[in-house]
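>>> okay, predicted coordinates and the sequence, questions at the end:
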Amino acid sequence: ACSTSVEDCRDIGCCEDTGYTCFEKNQYWASCRQSCEPGEVNPNDDPDYRTPWTCTVLDGSTGTTGTTTGTTTGTTGVNPAPGRVLVTGHAGSGKARLFEF
């Protein structure tokens, strides 16, 4: 199964939603987004983790496919520190996901 926009997609490299690509934020996190601008900070990231994205495209193979540029849109996941708990969900969706790292 492929990743949703609130899941880490580093190992899988594919996205459940059409039009989304697995973009790397850093060595600890990647998520499915519609677009990504290298060096930009995603305003949807948790304030504690608003750091620049590398935007390297991950395709699930041992290598990467390069980078894609564009405007950051949509809701994305954040990278919690080891040992932290992260609760995510889309605004108005009535759903929340709990991830424990």
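Perfect, thanks for sending it. Being a predicted model, the structure only gives us computed values, none of them experimental. Residues are numbered from 1 along each chain as shown.

>>> quick one: contacts for the closest residue to A1 other than its chain neighbours?
Among residues not flanking A1 along the chain, E16 sits closest, at 7.3 Å (C-beta to C-beta, 6 or more residues apart in numbering). Quick note: C-beta positions are derived from backbone N, CA and C, even for glycine. Neighbour list for E16: 1-4, 32 [criterion: C-beta atoms under 8 Å, 6 or more residues apart in numbering].

>>> now E16: how far from D45?
Relative to D45, E16 is positioned 20 Å away (C-beta to C-beta, to the nearest Å).

>>> about what we covered before: now, the contacts of E16 that are in helices?
In helices, judged by DSSP state H, none of the contacts of E16 are found.

>>> name the member of these with the most neighbours.
C32 (27 neighbours; other C-beta atoms under 10 Å).

>>> what pLDDT does that one get?
Note on C32: pLDDT of 96.

>>> now do the contacts for it.
Counted by C-beta under 8 Å, 6+ apart, C32 has contacts 2-5, 7, 9, 15-17, 20-23, 76.

>>> can we see that at 6 Å?
Shown in contact with C32 (C-beta atoms under 6 Å, 6 or more residues apart in numbering): 3, 5, 9, 15, 20, 22.

>>> which two in those residues are spaced the farthest apart?
Maximum pairwise distance in these, criterion C-beta to C-beta, is 10.1 Å, between S5 and C22.

>>> which of those two has more residues huddled nearby?
The neighbour comparison of S5 against C22 (other C-beta under 10 Å) goes to C22, with 27 against 20.

>>> sec struct for that one, please.
Secondary structure for C22, judged by DSSP: H, G, I helix; E, B strand; the rest coil, is strand.

>>> once you drop chain neighbours, what's closest to it?
C22's closest residue in space is C9 (C-beta to C-beta, 6+ apart), at 3.9 Å.

>>> the one you found touches C2, doesn't it?
No: the pair C9 / C2 is not scored as a contact, 7.6 Å apart, by C-beta atoms under 6 Å.
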